[in-house]
Each structure stands twice: as structure tokens, then as C-alpha cells.
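Chemist: all I have is the shape, not the residue letters:
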Ligand SMILES: [Ca+2]
Ligand SMILES: [Ca+2]
Ligand SMILES: [Mg+2]
Ligand SMILES: [Mg+2]
Ligand code: NI
């Protein structure tokens, strides 16, 4: 029997009282009248069922009365960075306070109707924003199955997994400016594609637009330049996890990536889910949050599930990734985003991207009657993830994005 | 005959009235008395001779009276990002106003002694800070000589320059958090080094610490995600240039970089010079700013010049780099840093890093009597650069950093 809130939470909700994921939102303004141009300030919130609890309102009402949060302005900010910097004792205090406030037995919020009205907003009435200012985004390459498949596709059967891979978590620096929130449309990128044989490279809209099913850790307290974070302390530097879609243009990537790694084949967009699920909420499920990807093809009403994978398919853990990231003295900052890399499992129906699923376009993907290889204009990619236990789910919500056509010279 | 300022500027100064480079500084506080703990706010300034002109003071005094700057708060900011976002017409107005104010014939600042005292500070009395908040740092790979030498060293004589190189400016995403201002000490990074033959990789302080002689463009107005910046408009998105030292650990880099590019071999530190020299100041010199690197070895008084290179050795220009960066729709933001890549020339004495100069440690570098291959603890690397014309120099000042020993397990 799970915890009980006075807010109605349906049995299949991703956001029961056990979850309490953190995000940043802005109330949608109704428009019209005299205040149609008011844009509300972004502020932190948590999800409970189909509602968002506005933490700036709760904080201003003096309901965060523990030692860490009593005098803090961390919930009167347009991002979670300051809260994340404060560390795990503060996070635990916030979680305990919020779980108590929302519980069925606690009258302080339940019976204060004006505060309830002000602080609990239906999810449909808010716009979700990036939860953190991302100083740097790093993407790892930590699923052995994905690594092996990429090696087989790009380099052939000899040594598909390179010798360094089992010694350290391979990663590259990603582009922070183009990380966007779920729902943001992604314009098909243009670029130079890999030439076939000895022909010159072509230029135009990518012909191999792909998604990558990933999760990402959000960094809490950072470290000073020149110091490292020990593996045994890495856990306390991770606030929580989101879903991540590392959109990729395979033809651009294949041509540009030697010898310095992926650049324009990735930097046109990376989508994350809006709610950061804390490690506290995930603890009962250890390393077992399964995820799935659906594609809703252009012109179809229904989305088809095309793959189901699992966080447990990572060879290197997120704490190993974080410790490795700082072993050279590289400084992390609160809000940094550490992508896990594409999470592929061992079976055909657990592969984490179309490059693998279609084996670089050789095999077609059947979608509710139609078929295709890579993503087409108008396709929507929807990633969801959820831990399922006995009584309740800890869900990540969705990480979704729709493909817009490439821009043309005249635009 | 150059322009004349009422501020004394020596003939060999990097910062005559023709230069007017922009930076961010903080007055050093005298300490003692009742204000020993006051930390002054960072604010924008320009360099003139051995002085810094405090633009926040000039702005507050109402001396920026042109249409773009009259009502702007861009010089009452701790970084130049807002000013950079405003674009070239604003930059030109600022330059014209400042050049007039500092000229020998103009009485408004010259004859206002209290304002002169408040606004003109000796360089020795200020601390220079990072001039911009760097959202993303990209490093290109645009010197053909450097590219060829790296190919020869790492992969051998067959195709040292890969086929994509002449078709697009190759680049990778760098680490923004560890970009530091000239003078910041760099701790020798630890990491896994490339194993020799079939032995396992070693772990420890890097044995191949290197510098890379580069310059970097600072981005002015950015672009929206999904839109690109045309090559013909790229110039107006570049505010100016700084010197850049891309510190590199060659043994870590060589082991980790396949297939996703450099990561920990670079991310422990990147040093830039504090003064951004504008494209306006550089215009009379077209593409000809030569640069040199000196090393001051641990325990020696004198620094030795070890290489002299030139900006003209770049195959791809900075406007080509910027246009390429956005062709896929990737959004740039004001303050972004675009490194040129190591600038090597064709001769032995114009190579831009120790990897090339010592041919990966095979040949020794002679420094004022002593000799070494890569950088040793206590070494200081000093990069300077300067355009020399008839009457005056347009200089970049220095980009310097000293190597600290690696941390040990007990620290
Ligand atoms: Ca990825
Ligand atoms: Ca470099
Ligand atoms: Mg991407
Ligand atoms: Mg570096
Ligand atoms: Ni209204």
C-alpha cells in the first residue's frame, strides 16, 4: 500500500507521492482582458498526480521550516541550480517537507483552500521549461550493446569495441545551447553527408535523422577546478535523472566525426524530459527503470512502440561516469547534464536508436502499416520511462519531439 | 603617425588608442583598515597603455551619449555578454565614443580630474576576470600544418590529412567550465595513459603535458535554434579575438579519443587572454597577427621563445568556422568561444605545440641550457601576439599559465 495524498493520484500515474520529481514551470496566462501580455516568471515546482505544486508559493507561505530551507531563496529562482548546489541534506529536507504537506493526514495545506488554489495548478495550465541552466552537457557511450553495434556498422567486424572502452567510460562534450525541453519541435538539420565511394560529399537536409534513447544525470554540487570527486562521493553529487533524446544525423556524423568526434551531427538539438526524478525516489528500484520509445509517424493518429530498453544495460554506472569526468581535475557545476549514451539491450526489440534497429537503413521499420528507415518530416518521437514496483510507479513522464522539415535557402 | 591620447602610451604598448580592447576587471582592494573584506564588483573596461578605463564609471557619468548606448545598462554588468548581444553598430558607437574621450584634443575626460581619477586605473591595481560568460566553447582544427603533423604522429604517413578536412572546418565541442583567465595556475591532470604495446593502460599524472597556441573568436549576437548564419553575415556575429592556450595531456588524449574525440585530455583547463581585441582594430592588418610562445622553465629567471606562428596559417577562416557551426541549425549565444585550433606554420620554428615541436617526445627542446620534451611542473607558458604596422601595434597582451604538480591520493 503506497503513500496517500489528499491530491487524487490515479494508479497508473507517473507521479505518486513517492516520486515528487522537481521541475521548472510557468503558469499559462489566459490572455485577453488587460493582462494578455503578462508572461509569468518561471519558478520551481514538483509533480503530484496531474498537478504541479508551486514551490515558490509554498516557500513564501513559510512552509519550508527545516534548517536548510527556512531562510533560503532557492525556490524563488527561475531555475533549480541554487537548490541543486545545496546538496543532499537539503534535498532530503525538501522531499520530506513536501511529502508531509501533500499527505492525506496533514491539514496545513489540505485545509487551507486559498493556499491550495494558489499553489496546486493542473498540469494542463502550466508550461514546462528547462529545469536547470546547463553549463556543460556531456554525453557518455556506456551501453556495451550500442557500442558493439555502432562498431560493427561503422567499422566492420574486426574489433567492434575499441580497446579503451572496457577501461574507462568513453564520452564527448556535447552542445549545451541546443538542449531543449520535451515538446520543442526539431528542425531537420542540413549538412554535408558522407560521400559514397569516391563521389564528393553531398550537401542538404540529412537523409538519416535518428533519435537516441538515453537517460541523463543532473549534477548537484560541483567541484573546484583541479580537484576530483572520489567514486565513493560521486552519489552525493547527483541530484536525479531525466529522459534524454540525443537527436542524431547519421550521414553528417559519419562524415565529420574523424578524428575529433561528433559535432554538427548532434548539436542541432537534444531533448530532455521536464521532471527530474530524484535518486531518493529511485532507490527502491535500484538499477531497473525500463524505458520505451514510440514513434508517431506523420499523418498517423497512433504512435507505435518501436523499442523497449532498460537502464540496467549500462556497463558503466552514473557514479563511475561522474568520478571519471573529474579525475583530471575538470570542474563540474550544478545543473550540468551527463547523458548516459544510447541504452541498447541485447535483443532486437531493445535497441536504442534507428541506426541499430534498421542496421544503418538496410532493414525497414514497420509502423502501423507504413514502413520507413530513418525519421521523416512530421514524425514525433516519444520516449517514456517508468519503474514499476508493487503498489506504485516512479515515472519520468515523457520526452517528446516532432520533426520539422529542413529550412530552404529562401527562408 | 598614430592617434594621440592624453594618457601616456609607450611606442611598444599593445594598447594604443587604435586598439581599445574590451575586458572585465575588478579593482584590487587595498586591504587593511575597515574595508579589508570588500570585494569589488566585476565591471567592463578597455585598455589604454598601462591603464584601464572603467566603462561603468564612464557610463554612469553620462558620457556614452550615442543612440545605442545612451540608455543601456550594458556597462553596468559583470560580463560583456549584454554589450556583445547588441551588435556591431553598438560596438562601433562605443569605440568611437571611447576613442574620442581618450584623445589628446578632447577636454571632457582629460580636464575632469575627479572623473579621471575614478575612471582611469593603473593596470597593476586591477584583477582581470573572464570577459564573458561562456555558454559553449568550440575548438576547431583549422591549420593544415598542424593537422598534417598530428596525422603523421598518431596515424602514420598514409593519409595524414583525412578526406573530410578539405571539405569542412573540423571541430569538437570543448569544456566551457574550465576556461580560465590568463594567470590561473593549471594543475597537472591525472588520467589513464595510452598503453605501450599490449601492456595495460597506466594511471597517474600525465607524462605528456602540452600547450596549444591558438586564437579564439568571441561571438556577438547569436542565432535561433533551427536557423543558420549565412557566410556573408558571419562577420557581424564576431565581436573580436583573444589568445587561447588549449592545454592538452597527450597520453590521456591518445588513449581516450577514439571514437568520440578528445575529452579529459583537454578539459582540465583552457586559458584565454583577458582583452578582446575587436575586428575593427584588426581590420588594417587583415589576416596577419603573428604570435609567439615562450616557456619559462621551473627555476629559471628567463623565458625562452620556443615558437613564432601567424594567424594567416589558418586554412579555414573564422567566418567560415562560424557559418559552418550553424549550418545545421545549432544556436550560438553571445559570449560563445570559438577556438581556431592550434596554429602551426610550415617551418620547424612555427609549430604550435610540443607534440609537433618534439615530434611526440622524440626530440628534445632546448631551453636556455636545460632541455626537456613536454611541460614540467613549475613551467610557465606565456603566449603573446601582436600586429605590427607602421606607427603602432595592435596587441593581444598575454595568455599565461604556470603548471602545478598533480594532486596525490592524500590531498
Ligand atoms: Ca548519444
Ligand atoms: Ca586545440
Ligand atoms: Mg543531439
Ligand atoms: Mg585544454
Ligand atoms: Ni484575463
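Modeler: The structure has been received and is ready for your questions. These figures come from a predicted structure and were not determined experimentally. Residues are numbered from 1 along each chain as shown, chains lettered A, B, ... in the order given. Ligands and ions are numbered 1, 2, ... in the order given.

Chemist: grab the nearest non-local neighbour of whatever residue of the stretch 51-200 of chain A ends up closest to ligand 4.
Modeler: Closest to ligand 4 within the stretch 51-200 of chain A is residue A:173: 11.0 Å, counting by Cβ to the ion. Where you see a C-beta, it was placed from the backbone N, CA and C, and this is true even at glycine. Spatial nearest neighbour of residue A:173, chain neighbours left out: residue B:173 (3.8 Å); criterion: Cβ to Cβ, 6 or more residues apart in numbering or on different chains.

Chemist: in stretch A:46-63, what's buried?
Modeler: A:46-49, A:51-59, A:63 (16 or more other Cβ atoms under 10 Å in any protein chain shown).

Chemist: what residue spans form the domains of chain A?
Modeler: Chain A is divided into the following domains under automatic domain parsing: A:22-129, A:137-404.

Chemist: any idea how far residue A:404 lies from residue A:354?
Modeler: Distance, residue A:404 to residue A:354, using Cβ to Cβ, to the nearest Å: 18 Å.

Chemist: ignore what I typed, I meant residue A:134.
Modeler: Taking Cβ to Cβ, one finds residue A:134 at 26 Å from residue A:354.

Chemist: same deal with residue A:125?
Modeler: 35 Å.

Chemist: could you do residue A:53 as well?
Modeler: Residue A:53 is 38 Å from residue A:354, by Cβ to Cβ.

Chemist: please apply the same query to residue A:65.
Modeler: Shown here: residue A:65 relative to residue A:354, a distance of 50 Å by Cβ to Cβ.

Chemist: which one's more surrounded, those two?
Modeler: For residue A:65 versus residue A:354, the count of surrounding residues by other Cβ atoms under 10 Å in any protein chain shown is larger for residue A:354: 27 against 9.

Chemist: close to ligand 3: what parts of chain A are there?
Modeler: Contacts of chain A with ligand 3, taken as Cβ under 5 Å from the ion, map to A:246, A:247, A:266, A:270.

Chemist: closest one to chain B out of those residues, please.
Modeler: Using Cβ to the nearest Cβ, residue A:266 is the member of the residues of chain A next to ligand 3 that sits closest to chain B, with 8.6 Å.

Chemist: which stretches of the stretch 151-300 of chain A form helices?
Modeler: Remark: helices assigned in the stretch 151-300 of chain A by DSSP state H, counting those that start in this stretch are A:250-256, A:279-282.

Chemist: now, of those helices, which is deepest in the fold?
Modeler: Comparing these by mean neighbour count (mean count of other Cβ atoms under 10 Å in any protein chain shown), helix A:250-256 ranks first with a mean of 25.

Chemist: what packs against that helix?
Modeler: strand A:190-193 (3 or more Cβ pairs under 8 Å, 6 or more residues apart in numbering or on different chains; DSSP states H and E).

Chemist: run me through the strand neighbours of the strand it packs on, direction for each.
Modeler: Applying DSSP bridges, strand A:190-193 is found paired with strand A:202-205 (antiparallel).

Chemist: show me what the partner strand is in contact with.
Modeler: A:188, A:189, A:190, A:191, A:192, A:193, A:195, A:405, A:406 (Cβ atoms under 8 Å, 6 or more residues apart in numbering or on different chains).

Chemist: dump the residue contacts of the fifth one.
Modeler: Residues near residue A:192 by Cβ under 8 Å, 6+ apart: A:201, A:202, A:203, A:252, A:255, A:256, B:164, B:167, B:168.

Chemist: could you rerun that using 7 Å?
Modeler: A:201, A:203, A:252, A:255, B:167, B:168 (Cβ atoms under 7 Å, 6 or more residues apart in numbering or on different chains).

Chemist: that one pairs with what?
Modeler: Here residue A:192, judged by DSSP bridges, has bridge partners residue A:203.

Chemist: please name the nearest non-neighbouring residue to residue A:193.
Modeler: Per Cβ to Cβ, 6+ apart, closest to residue A:193 is residue A:251, 3.5 Å.

Chemist: does the one you found touch residue A:194 like I think?
Modeler: Yes. In terms of Cβ atoms under 7 Å, residue A:251 counts as a neighbour of residue A:194; the distance is 5.3 Å.

Chemist: next one: stretch A:382-395 to chain centre, how far?
Modeler: Its chain's C-alpha centre and that of stretch A:382-395 lie 15 Å apart, by Cα atoms, centre = their mean, to the nearest Å.

Chemist: cool, and stretch A:213-227?
Modeler: 14 Å.

Chemist: next one: it, is it in contact with ligand 4?
Modeler: No. Residues of stretch A:213-227 are not located near ligand 4 by Cβ under 5 Å from the ion, the shortest gap being 11.6 Å.

Chemist: does any part of that stretch sit near ligand 1?
Modeler: No. Stretch A:213-227 lies out of reach of ligand 1 by Cβ under 5 Å from the ion, never closer than 5.8 Å.

Chemist: tell me the buried residues in that stretch?
Modeler: Within stretch A:213-227, judged by 16+ other Cβ under 10 Å, the buried ones are A:213-223, A:225-226.

Chemist: same question, stretch A:193-210
Modeler: So stretch A:193-210, judged by 16+ other Cβ under 10 Å, has buried residues A:193, A:194, A:201, A:205, A:206, A:207, A:208, A:209, A:210.

Chemist: now swap in stretch A:342-359 and tell me
Modeler: For stretch A:342-359, a neighbour-count test (16+ other Cβ under 10 Å) marks A:342-345, A:350-358 as buried.

Chemist: check stretch A:17-29 too.
Modeler: Going by 16+ other Cβ under 10 Å, stretch A:17-29 has these buried residues: A:17, A:18, A:19, A:20, A:21, A:22, A:23, A:24, A:25, A:26, A:27.

Chemist: just the ones of those in helices?
Modeler: Per DSSP state H, helices hold no members of the buried residues of stretch A:17-29.

Chemist: pretty sure residue A:128 contacts residue A:121?
Modeler: No. Using Cβ under 7 Å, residue A:128 makes no contact with residue A:121, being 11.7 Å away.

Chemist: neighbour count for the two, which is higher?
Modeler: Remark: of residue A:128 and residue A:121, residue A:128 carries more neighbours, 21 against 18, as counted by other Cβ under 10 Å.

Chemist: ok, residue A:385 touching residue A:243?
Modeler: Yes. With contact defined as Cβ under 7 Å, residue A:385 counts as touching residue A:243 (5.4 Å).

Chemist: any common contacting residues for these two?
Modeler: What both residue A:385 and residue A:243 touch, as defined by Cβ under 7 Å, 6+ apart, is the set A:291, A:396.

Chemist: ok, now which ones touch residue A:244?
Modeler: Per Cβ under 7 Å, 6+ apart, neighbours of residue A:244: A:214, A:215, A:216, A:270, A:272, A:339, A:399.

Chemist: which pLDDT value belongs to residue A:134?
Modeler: Confidence at residue A:134, expressed as pLDDT, is 98.
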